[in-house]
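>>> Please find the sequence and the predicted model below.
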Amino acid sequence: MHDELTANDIKKMEEELEYRKLVLRPQILDDVKTARGFGDLSENFEYKEAKRAKGRNDSRIRYLEAMIKTAVIIDTASEEGTVGLFDKVTVYIPDDDEEESYQIVTNVRYDVSAGFVSKESPFGKAVMGKKVGDTCSVHVSGDYSYDVIIRSIEKMEDDDSAPLASY
């Protein structure tokens, strides 16, 4: 499967990849080498932690390389009056009698706590392409869904405020 990403997503991933390879990796390798000198490796916490940090960094590098290699670059333009990528959508949730706002982003830039929701999430899939006044059913699982009514759509562009998601 190919992830649908924007050119800006790819740029951000390439920048992180370069940082991890050229700056972070040498630092971590130096930490491993230093910790190895502390003595018995079987009881050397610093060495084990440095090796874990190396593994996490190497894993993230492989992830970024795979994402960049297999990504399909998409256009962020959408019809006027419909929810599209990077648009801020305000919805009313009748079940909770609440109104909430989220910005729709790609699946590598989501951060729900900061108001960024992936277009691939149940919410994102439900509201993409919809118009003000539309009622959408958000299917969370096979036996749970909820309705939202679109109150407003603020057309936005990728302003770099949504960082790459970590894992």
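Structure received. Numbering: from 1, shown residues only.
>>> I'd like to know how far residue 111 sits from residue 136.
Between residue 111 and residue 136 the distance is 22 Å, computed by C-beta to C-beta, to the nearest Å. In this view, the C-beta of every residue, glycine as well, is placed from N, C-alpha and C.
>>> Can you pick out the residue with more neighbours from these two?
residue 136 (21 against 17; other C-beta atoms under 10 Å).
>>> what does the model give residue 89 for pLDDT?
At residue 89, the model reports a pLDDT of 97.
>>> So what's the residue count around it?
Residue 89 has 26 neighbours, counted by other C-beta under 10 Å.
>>> thought it was touching residue 105?
No. Applying C-beta atoms under 8 Å, one finds residue 89 not in contact with residue 105, separated by 11.6 Å.
>>> Any idea how far the top helix by length along the chain is from the middle of the chain?
Ranked by residue count, the top helix of the chain under DSSP state H comes out as helix 45-70. Helix 45-70 sits 18 Å away from the centroid of its parent chain (C-alpha atoms, centre = their mean, to the nearest Å).
>>> Check which helices and strands it sits against.
Counting contacts by 3 or more C-beta pairs under 8 Å, 6 or more residues apart in numbering; DSSP states H and E, helix 45-70 packs against helix 7-19, helix 25-36.
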